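> the sequence and its predicted three-dimensional model are supplied below.
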Amino acid sequence: MVSVNEQLRVLIVRLGAMGDILHAMPAVTSLRKSHPHWFLGWAVEPRWQALFRSTSGDMPLVDRVHQVKAKEWARSLLSPATFQEIGDMRRELRAERYDLCVDLQGAVRSALVGRLAGAPRMLGEDEPRERPARWLFAERVPTQGLHVIEQALEVCTAIAGEKLTLIEPLLPRDRESEAWADDLLSSRKAVLLSPGAGWGAKRWPAERYGALAGCLHAAGYQVLVNAGPGEKEIAQQVSEASGGLAQMPDFTLERLIATTRRITLLIAGDTGPLHLACALGKPVVGIYGPTEPKRNGPFGVPFRVLRHPESKRDHSRRAESEAGLLTITKDEVFAAAMELL
């Protein structure tokens, strides 16, 4: 606990992935609003820096972004180049002279990155996602919240000196991407489908997304399909299954943020774009299988979650769609979408 008048330099560590970063952002935004004079840094994988800083320089949430290539380093840990880059990162972090490091990832990898900063205080959850990480925390915060967004808020409240409340996260506005999104949307009624996911077991079949796109188009909605890195083939399958009715824009992360600000609804599984839509206050339909929506699902917006009662939490990286997920029909998803629309 700190005095409300004390000025701190705080490093947030939440390296990835996209949805997990977005889950941490409401709590950090609340911290930013509560203590606008504090210096906030964020350590993150390079591919997600657009969530903090636009190409036009807008950076509303934090004062500094540290690009940490943790996944790349793990693949070549004994390489001299890796040692050099880790040493450079350590010097970069320590140059900021952080008073406190907050690990909102709860993994050994993120805790080790936090330790590189050399902050006098290192804080994390009492029961982190990877239990060994807790031994790297000098201070541990017990959390009671069911959803990870609530848990992150409890951790940030522990250092704020006052009770924080959840508010919509601050995301950057990229001028070029905002104009691009205005040109893209021919209708004020647009639905975005995001058929990809972190692994195959979380993916509802592409042909069902395509059939759904046809129903939405017939109901008068412009339908867009998002393709994240490595997902273009899936998006193409959706577009083909829709008979070309679903458009496949050339999204970058900046363009995805700008477009999501303008859509009417998003439909996806447990994936980053679904959590982006929630962060931007947009209604969502979540199609869930092996992940637990009560912990990682839509939050803070109008939503519908479809999940088979027998689906169990399982983070095994299986390639095939989870059996419970396959029981969810196109008609069920369309009905849920129309309730929100």
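Looks like it arrived, so ask away. Numbering: from 1, shown residues only.
> pLDDT of stretch 124-138, averaged?
Mean per-residue pLDDT for stretch 124-138: 94.
> can you give me the buried ones in that stretch?
124, 125, 128, 133, 134, 136, 137 (16 or more other C-beta atoms under 10 Å). C-betas here are computed from N, CA, C, even on glycine.
> which SS state does the third one fall under?
Here residue 128 is recorded as coil under DSSP: H, G, I helix; E, B strand; the rest coil.
> please look at it and residue 114 and confirm they touch.
No: using C-beta atoms under 8 Å, residue 128 is not in contact with residue 114, being 11.6 Å away.
> what is in contact with these two at once?
Common neighbours of residue 128 and residue 114, counting by C-beta atoms under 8 Å, 6 or more residues apart in numbering, are residue 103.
> circling back: can I get the buried residues of stretch 124-138 in TSV with distance to residue 240 and secondary structure?
Output for those, formatted as TSV (distance: C-beta to C-beta, whole Å; DSSP: H, G, I helix; E, B strand; the rest coil):
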residue	distance to residue 240	secondary structure
124	46	strand
125	44	strand
128	43	coil
133	44	helix
134	48	helix
136	48	helix
137	49	coil
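> tell me the pLDDT at residue 4?
Per-residue pLDDT puts residue 4 at 49.
> could you measure from residue 90 over to residue 117?
8 Å (C-beta to C-beta, to the nearest Å).
> name the residue in the two with the higher neighbour count.
A direct count of neighbours by other C-beta atoms under 10 Å for residue 90 and residue 117 places residue 117 higher, at 24 against 15.
> what is the neighbour count of the closest residue to that one other than its chain neighbours?
Once flanking residues are discounted, residue 117 sits nearest to residue 93: 4.0 Å by C-beta to C-beta, 6 or more residues apart in numbering. Per other C-beta under 10 Å, the neighbour tally for residue 93 reads 25.
> report the buried residues of stretch 305-313.
Here stretch 305-313 shows 306, 307, 311 as buried, counting by 16+ other C-beta under 10 Å.
> would you verify that residue 12 is located in a strand?
Yes: under three-state DSSP, residue 12 sits within a strand.
> contacts only, for it.
Neighbouring residues of residue 12 by C-beta under 8 Å, 6+ apart: 24, 28, 40, 41, 42, 43, 62, 102, 104.
> so how far is residue 311 from it?
Residue 12 sits 32 Å away from residue 311 when distances are taken as C-beta to C-beta.
> quick revisit: now the buried residues of stretch 305-313 in TSV, with secondary structure?
Output for the buried residues of stretch 305-313, formatted as TSV (three-state DSSP):
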residue	secondary structure
306	strand
307	strand
311	coil
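> quick check: closest non-adjacent residue to residue 292.
residue 313 (4.6 Å).
> the one you found against residue 289, yeah?
No: in this structure, residue 313 is not within contact of residue 289 by C-beta under 8 Å, at 9.9 Å.
> as a quick check, tell me the outermost residue of this structure.
Seen from the C-alpha centroid of the chain, the residue lying at the greatest distance (C-alpha atoms, centre = their mean) is residue 80, 32.0 Å away.
> so what pLDDT did that residue get?
Looking at residue 80, its pLDDT reads 94.
> got the phi/psi numbers for it?
phi -60, psi -40 (degrees, to the nearest 10).
> again, but for residue 291
Dihedral angles (degrees, to the nearest 10) for residue 291: phi -110, psi 160.
> can I get the buried residues of stretch 124-138 in CSV including distance to residue 214?
Below are the buried residues of stretch 124-138 laid out as CSV (distance: C-beta to C-beta, whole Å):
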residue, distance to residue 214
124, 47
125, 44
128, 44
133, 46
134, 49
136, 51
137, 51
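> those residues: which two are farthest apart?
Spatial extent of these (C-beta to C-beta) is set by the pair 125 and 136 at 11.9 Å.
> spit out the residues that contact these two alike.
Joint contacts of residue 125 and residue 136 (C-beta under 8 Å, 6+ apart) are residue 103.
> which residues of this structure score low on pLDDT?
The model of the chain has pLDDT under 70 over residues 1-5.
> go again with 80.
Flagging of the chain using pLDDT under 80 yields the residue ranges 1-6, 187, 315-316, 319.
> strands of that one, start to end?
Using DSSP state E, the strands of the chain run over residues 9-13, 39-44, 64-67, 100-103, 121-125, 139-141, 190-194, 222-225, 246-247, 265-268, 284-288, 303-307.
> name every strand pairing with the first one and say which way it goes.
This means strand 9-13. Using DSSP bridges, strand 9-13 pairs in its sheet with strand 39-44 (parallel), strand 100-103 (parallel).
> you'd agree residue 216 is up against residue 191?
Yes: Residue 216 is in contact with residue 191 according to C-beta under 8 Å; the separation is 5.2 Å.
> quickly list what's touching both of the two.
Contact criterion C-beta under 8 Å, 6+ apart; residues shared by residue 216 and residue 191: 223, 337.
> closest one of the contacts of residue 12 to residue 242?
Of all these, residue 24 has the smallest distance to residue 242: 34.5 Å, by C-beta to C-beta.
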